[in-house]
Structure formats: C-alpha cells, structure tokens
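>>> Give me a model of this one.
(chains A and B)
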Amino acid sequence: MVLRRALRHGWRCSLVVFALVLLPSPAAAHPFGAPQQIEVAGDGERGVRVRWLVGGTDDLTVLGVALGVLGEDRVMLDGAVVYEPADGDALAKAPDFTRYLTERITVTQHGRPCPGTVTIPGDLASDGADVRFACPEPVGTVTVTSRMLTDLHEAYRTLARGPDGQKAVYDAAHESADWSITPGAATDAGARPVSTQAVAVSSADSARQLAVVGGVLLVAVVAGTVWLRRRGKA
Amino acid sequence: MDVWGAADLGDRLVEAVRSPGFVPVALVLAFLAGAAHGLAPGHGKSLAAAYLVGTRGRMRDAAWLGFAVAAMHTVSVLAIAVAWTFFSLSDLVSLERLTTGLQLAAGLTVVAVGLWLLRRHLRRRRHDHHHHHHDHDHATRPGLLLLGVSGGLTPSPAAFLVLVTGIFAGRAGFALVLVVCFGLGLAAVLFTVGLMALTGRSLVVRAAGSRRLLHAATRVGPVLAACGITLVGVGISAAAVAGLPGT
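Have a look, this model is predicted:
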C-alpha cells in the first residue's frame, strides 16, 4: 500500500516537472531588444535636432499599417506582424509618416512652437529619422514633447538622451521634458504641471546609484558566503 | 500563449519603476515576474533536475544552483544595461546578436558540464571495478555553479527593460534592487524544481524495493543524466547558431 502510494506520488511529481519543462514560452511575446529611443541635440544657434529610433523593427510595420501605408493583411490572425525591409522604405517615403513624426514630436521654446522638418538619413530601421526644429530665439532650454506610438498602445515608452548625459523616460503619462541644449542654460521649471512632465536626469546620478546599490549587494553576498563557510567548518 | 502572464507582469514591473511609493508591492511583483519568467521553457529547469538526480545532489546543492542563477542573471543584466546606456554598446553589436551569442556560450557551457560528468562517471566506474569501494558521484560545486551560470547568462528582456528604464528615469538603484528580486524569483523556481526532482528520486529509490533494480538504476542513472545534459546543451547551442542573424 505504502509502496503504491509512494509510486503514485512520485509519478505526480514527475508530471509536474514535465509540465514545467514543456509549457509554451511567454518570452516570445517580448523578444530581446532595445526599446524606442529619441536623441535630443543642439543644431546650430537656433536649431534643435531630435532623432527618433524605433525599438523592435516590427513596430515599424505596426505603425505602417496604422497609418494606412501598409495593407491590413500584414497583421496575422493572432495580431503578430513580421517586419520586412521594404516596410521601412515604404514608411520613409510616405508623407503620412512625415506628418505623424512632426505631430507626435514637437519642440517649444518658452511656450512658442519651433516648426520641424523631417529628414531620413539612411535606413529607417537602423538609422532612424531626424526631425530638425528651427526656434525663434537662440536655443538654451527647450521643451521636447514626444508621443511616439503611444496612440497605438499606451504601454509604449521612449528612452531619451540629451546633451551632457541628460536622460529622461517618456510614456503616455509623461509626454514632455525640459532639456538644456547649451551648457549652463537655466531650466525654467514650473512651466508645465509636474505630473505630466518627465524630468531629465544626469548620467552621473544614475551611475552613483548603481555603484552604491551594486556595492552593498556585493558586500552582502561576500559576507553571506564567508558566514556559510565558517558555519560549515565549525 | 502567455500561460503564466510573464509579459503582462513585465509590463507592470516597468511601470512600477517610475511610480513613486508602493515599494514592497514592486518587490513582490519583481519576484513574481522572475518566477513566471523562470517557468517558461529553458532556464535549465530540466538540466537542474537531471544534474541533481544524476549526481545524487542534496537540498543544499539545489539552493546553490538557484543562487548561481540569480547572481549570474543580475550581473548579466547589469553589465548589458550599463554597457548599452553609458558605452553605446549598440554601435558595436546589436542586442539581439549579443543575447544570441550569450545563448551559444550558455549552451556550450552545458555541453562541457555534461561531457565532464560523463567522463568523471566512466572513470570512477573503472576505478570502482578494481578497488570495490563505493564512492558514488556526489554533486560538485563547480558543475553546479557552471550550470547556474549558463542558466543566468542570457538576460530576460523584462529585467533589462526595468533596469534601463530605471537608469533613464533617475531610479537606477531601485531598478537594480528590482532586478535582484527578479533573479531571486527565477532562482526560487529552479530551487523548487530541484527539490521536486530530488523528492521524486528518493521516492523511486525507496519504492524500488529490490536491491538489484536499485543497483542498476544507480549505475545507469548518472550516465543517462550526463548524456541528457550534453544533448540539451547541444540543443541550446544549435538553436543559438540557427538564430544568429546574418550580417
């Protein structure tokens, strides 16, 4: 009796292990890759250049379908799309895409808009698209708004880099941030409600945080190992 | 197909990096996301089970394995996130290529561990034949740690996104703590699978009854485990080679 019960129990255990090993992969939903990015830079005395880089290339196909540049048949029954190099070329040539870029990425200087024009320097998927903004006055601090792809899905996020290691994260709840384009320019905080504004942070601060937390972790692990060894010997 | 809700948990975790407050909730979320990620195929669950059974491992060995996976995963995510953020890693190599390369390295490590186990076992058997002493194959730290390292070498997309978002949003320290919790969740799954495999083995051993059957099982078991580990390693490496995008 005991033997049979033990066998049945063992069988159940191995079934669970088997199930764990063979279940379908959720990782397929999020392949490894860089997220969507923008780079903010000065462009002459009165200009600002914002370069947009797509995250996963399939996002270009999704955007192409949403803008009507690509056919609806590119979306498979389960909602997945497969990027083809021709998709990037089609988008790069489409006026709707250019309009989308200048509508979703905007730059203002003290509340006054800077008009933008789009250039696509090379392959859209790997080199991205440039939007060049001409501002009314010499550029010090500007407000850059990016709402790229958040109309397709609000989970889209944009990691943004600026001059001198400034960084910010844009998402559906944080659509704009102030950037110091020329060194020493004062940030005019309070121009917008803080809740909808991303804050450009410095790289040095991030590096310091990583070093502190990483150091504490390392010390904890080393101390734990030493303690275990001592206990093992005693 | 997202049985364990790993993708959804990952999204909510990235969300949590930015939102102030609810720190304990975020930590639990990170742990759960890691566990859900660990429940996906791969990550050496079958390897952990085979290794622990084949080398007559103990509970402590299962814990070591889990720890090695968590530590390696944290180091891997941190290194890639820092290199990508501060040292323009993407100019050198695309992240897709890098992770496929890491997968290949992980696969080859597993093959090496499998072959080493096999060789060690065969040698010992020949040795036993002459001297008739029964020093069975016990789990060894280097093999365990290597398997753990190979399990944590390829970073999970969600953990990477959490850390880079944290760095860009000025909450790098908090994001790193979340990545550690994510690794602990991953480790907990491997530890549990290891324990289940060990329980299963001891039940089989107890139920086997006849000494001859048990003797046969202890002879064949380690060889099967070593061959299995080698084959899985070959499979991982082959998948990585097939997935390497052409230049």
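
>>> Which secondary structure state does the closest residue to A:Thr61 other than its chain neighbours sit in?
Counting by Cβ to Cβ, 6 or more residues apart in numbering or on different chains, A:Thr61 lies nearest to A:Val81, which is 4.4 Å off, once chain neighbours are set aside. To be clear about C-beta, it is placed using only N, CA and C from the backbone, and glycine gets the same treatment. At A:Val81 the chain is in coil, as set by DSSP: H, G, I helix; E, B strand; the rest coil.

>>> Burial check on A:Val81, number of neighbours?
Neighbour count of A:Val81, defined by other Cβ atoms under 10 Å in any protein chain shown: 19.

>>> what's near enough to touch it?
By Cβ atoms under 8 Å, 6 or more residues apart in numbering or on different chains, the contact list for A:Val81 reads A:58, A:61-62, A:65, A:74-75.

>>> Most neighbours among those, please name it.
Highest neighbour count within those, by other Cβ under 10 Å: A:Thr61, with 24 neighbours.

>>> element containing the most centrally placed residue in chain B?
For chain B, the residue nearest the mean C-alpha position is B:Gly151 (2.6 Å; Cα atoms, centre = their mean). Secondary structure from DSSP states H and E places B:Gly151 in helix B:141-153.

>>> tell me what that helix is packed against?
Contacts defined by 3 or more Cβ pairs under 8 Å, 6 or more residues apart in numbering or on different chains; DSSP states H and E place helix B:141-153 against helix B:45-54, helix B:59-86, helix B:95-131, helix B:172-208.

>>> any idea how far A:Pro95 is from A:Val69?
To A:Val69, A:Pro95 is 10 Å away according to Cβ to Cβ, to the nearest Å.

>>> quick revisit: please identify the buried residues of the helix holding B:Gly151?
Using 16 or more other Cβ atoms under 10 Å in any protein chain shown as the test for burial, helix B:141-153 gives B:143-153.

>>> Skipping adjacent residues, who's closest to A:Ser202 in space?
In space, A:Ser202 is closest to A:Gly165, 5.8 Å off (Cβ to Cβ, 6+ apart).

>>> go on, B:Arg171?
B:Val17 (5.8 Å).

>>> Spit out the contact partners of the one you found.
With contact taken as Cβ under 8 Å, 6+ apart, B:Val17 is in contact with B:26, B:162, B:165-166, B:169, B:171, B:174-175, B:178.

>>> Report the mean confidence score over the helix or strand hosting it.
If you go by DSSP H and E, B:Val17 is part of helix B:6-18. For helix B:6-18, the mean per-residue pLDDT is 76.

>>> likewise stretch A:95-115?
Averaging pLDDT along stretch A:95-115 yields 90.

>>> in that stretch, what's buried?
Applying 16+ other Cβ under 10 Å to stretch A:95-115 flags A:97-98, A:100-101, A:104-109, A:114 as buried.

>>> Show residues contacting it.
Under the contact criterion Cβ under 8 Å, 6+ apart, stretch A:95-115 has outside partners A:38, A:48, A:50, A:52, A:63-64, A:67-69, A:91, A:116-118, A:129, A:131, A:133-137, A:139, A:142-149, A:151, A:188, A:191.

>>> Could I have the ChimeraX command that selects the buried members from those?
One line in ChimeraX is enough to select the buried members of those, burial here meaning 16+ other Cβ under 10 Å:
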select /A:38,48,50,52,63,64,67,69,91,116,118,129,131,133,135,139,142,143,144,145,146,147,148,149
